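Asks: curious how this folds, go ahead:
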Amino acid sequence: MRRVVVTGIGAITPVGNDVATMWSNMLDGVCGIDKITKFDTEDSAVKIAGEVKDFDPTTVVEKRDLRKTDMYTIFALGAAQEAMDDSGLAGTIDPKRLGVYVGAGIGGLYTFVENTQALLEKGARKVSPHFIPKMIGNIACGQIAIKYNAQGPTLAPVSACATGSNAVGEAFHAVKDGYADAIITGGAEYVVHPLTIAGFANMKALSTTEDPKKASIPFDVNRNGFVMGEGAGMLVLEEYEHAKARGAKIYAEMIGYGNTCDAHHVTAPSPDGEGLAEAIRIAFKEGNVTDDDVIYFNAHGTSTPMNDKTETMAIKSALGEKAYDVSVSSTKSMTGHMLGATGAVEAIVSVLALKDGKIPPTIGTTELDPECDLDYTLGKAKERDITVAASTNLGFGGHDACVVFKKV
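Replies: Model prediction:
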């Protein structure tokens with residue numbers, strides 16, 4: 001059976017524009033959530049978000065290409081560049097055996113709005129000829145494939161907030177089953193925009209708390225919605241023997257993936273958490289996870305009233321009494337919810353937790369909901385020699401995903 005390992009990682013997030021900075025800040029409990037700077041929030045019920053800070057897009061694409069490229073694609077290219085540089089894979093693989101599985105929950109929203117405004121205000125001739133290839137949700141995937149001459153299996157999953165996890169999981173199976181020897185995989189998002197904020201706010205999904213440190217508080221009895229974030233996360237998944245033959249550094253082994261659907265409601269998770277519980281069971285069974293394993297869960301942990309208690313139920317349903325021995329945390333307390341990017345970034349966090357034996361904290365949470373009764377690593381990071389790390393993410397439409405990694 002083919003084994004799959006992680007040989008490269010890259011990230012652009014509200015707590016750091018590279019993996020080393022992001023991980024250091026997460027372990028220190030740094031909050032990347034702050035007042036929105038992209039637009040005037042005077043008329044908005046929501047004032048805060050997890051924005052990427054001090055990012056220079058010309059470090060990723062040429063200045064002349066900025067007008068042709070949506071920022072979500074630039075984020076994706078930047079994170080992919082870090083992951084590929086980290087992996088040392090370029091030039092060592094047959095292009096037909098290299099793939100790209102990269103998705104976005106929404107895609108080029110800024111581009112869509114700008115061109116809609118141009119059409120309505122100035123007419124059809126003012127719509128950019130770059131509008132379609134700049135906006136579509138698969139273009140980050142395509143751009144990465146072009147940059148690295150990846151001619152193998154290429155796919156752009158879209159499953160709302162589960163997109164990043166599904167991309168990583170499907171890439172894992174493609175490598176495991178022999179369709180590719182390596183795949184660049186992850187997700188990206190750039191949608192902190194008045195339209196998106198208004199849409200989520202008007203459906204009562206976003207926190208209206210104005211204190212950035214008290215807004216994204218997963219599992220807290222006072223939580224009142226998620227905080228929008230943005231960024232990108234990319235991993236290089238590679239077949240073990242291929243990685244070993246070229247002397248690649250290996251962060252962790254990916255061992256399991258569960259993909260299910262609640263089939264319950266367009267936005268609300270199933271109240272019994274069984275869809276996610278089944279995804280966890282599938283992933284753990286595939287990965288041969290046992291009761292002897294020391295487990296970390298990077299939870300979806302959105303800080304919404306429904307998610308946090310149903311996710312807690314799902315972990316307990318899947319693991320039984322073992323759930324109370326598991327370390328859990330939600331790094332969305334620091335980054336906000338990066339939508340299509342979040343699953344990929346949190347997969348990277350899970351890999352680093354395994355590698356370094358450190359559990360990142362859930363910050364801001366001070367008063368646990370009685371229905372949330374697991375070990376959520378509140379306030380401070382802690383050292384623990386974990387052997388397995390899992391990341392769970394859920395998306396509108398009922399999508400449930402769980403990805404699982406093992407220490408090497």
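
Asks: ends of stretch 255-268, how far apart?
Replies: This stretch, stretch 255-268, spans 29 Å end to end (C-alpha to C-alpha, to the nearest Å).

Asks: and the contacts of that stretch?
Replies: Stretch 255-268 is contacted from outside by 4, 166, 168-170, 172-173, 203, 205, 269-270, 274-276, 278-289, 306, 388, 396-406, using C-beta atoms under 8 Å, 6 or more residues apart in numbering. Where you see a C-beta, it was placed from the backbone N, CA and C, and this is true even at glycine.

Asks: now which of those would you call buried?
Replies: Buried residues within the contacts of stretch 255-268, counting neighbours by 16 or more other C-beta atoms under 10 Å: 4, 166, 168-170, 172-173, 205, 269-270, 274-276, 278-284, 286-287, 289, 306, 388, 396-406.

Asks: contacts for stretch 141-157, please.
Replies: For stretch 141-157, contacts defined as C-beta under 8 Å, 6+ apart pick out 69, 73, 76-77, 80-81, 84, 90, 95-104, 137-138, 140, 163, 166-167, 170, 174, 179-180, 183-184.

Asks: just stretch 357-367 next, same as before
Replies: 26-27, 29, 31, 213-222, 296, 298, 301, 327-331, 333-334, 349, 352-353, 376-386.

Asks: picking that back up, which ones among the buried ones among the contacts of stretch 255-268 are found in strands?
Replies: Applying DSSP state E to the buried ones among the contacts of stretch 255-268, the entries found in strands are 4, 388, 399-406.

Asks: which of the residues you listed sit farthest apart?
Replies: His399 and Lys406 (24.3 Å; C-beta to C-beta).

Asks: beyond the lengthiest helix in the chain, next helix or strand please.
Replies: Identified as the longest helix of the chain according to DSSP state H is helix 71-87. Next helix or strand after helix 71-87 toward the C-terminus (DSSP states H and E): strand 98-103.

Asks: any idea of the angle whichever helix or strand comes after that following strand forms with helix 71-87?
Replies: Remark: after strand 98-103, the chain's next helix or strand is helix 109-122, criterion DSSP H and E. Angle between the axes of helix 109-122 and helix 71-87 is 160 degrees (criterion: axes from the mean of the first three to the mean of the last three C-alpha atoms, to 10 degrees).

Asks: quickly list the domain ranges of this protein.
Replies: Under automatic domain parsing, the residue ranges defining each domain of the chain are 4-245, 257-406.

Asks: reformat the ones you listed as JSON lines; add mean pLDDT.
Replies: JSON lines is the format used below for these (pLDDT from 0 to 100):
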{"stretch": "domain 4-245", "mean pLDDT": "98"}
{"stretch": "domain 257-406", "mean pLDDT": "97"}
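
Asks: so can I have JSON lines of those domains showing distance to Tyr251?
Replies: Converted to JSON lines, those look like this (distance: least, C-beta to C-beta, whole Å):
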{"stretch": "domain 4-245", "distance to Tyr251": "4"}
{"stretch": "domain 257-406", "distance to Tyr251": "5"}
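
Asks: need the contact list for Leu206.
Replies: Leu206 touches 45-46, 197, 200, 225-228, counting by C-beta under 8 Å, 6+ apart.

Asks: try 10 Å
Replies: For Leu206, the contact set (C-beta atoms under 10 Å, 6 or more residues apart in numbering) comprises 44-46, 48-49, 196-200, 215, 224-228, 303-304, 336-337.

Asks: buried ones only from those residues, please, as a ChimeraX command.
Replies: Only the buried entries of these go into this ChimeraX selection, using 16+ other C-beta under 10 Å:
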select :46,48,49,196,197,200,215,225,226,227,228,303,304,336,337
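
Asks: give me the subset of the contacts of Leu206 that lies in strands.
Replies: Under the assignment DSSP E, the contacts of Leu206 contribute 48-49 to strands.

Asks: ranges for the helices of the protein?
Replies: Counting by DSSP H, the helices of the chain are 19-27, 71-87, 109-122, 131-135, 139-148, 163-176, 194-202, 240-245, 274-286, 305-319, 332-335, 342-356.
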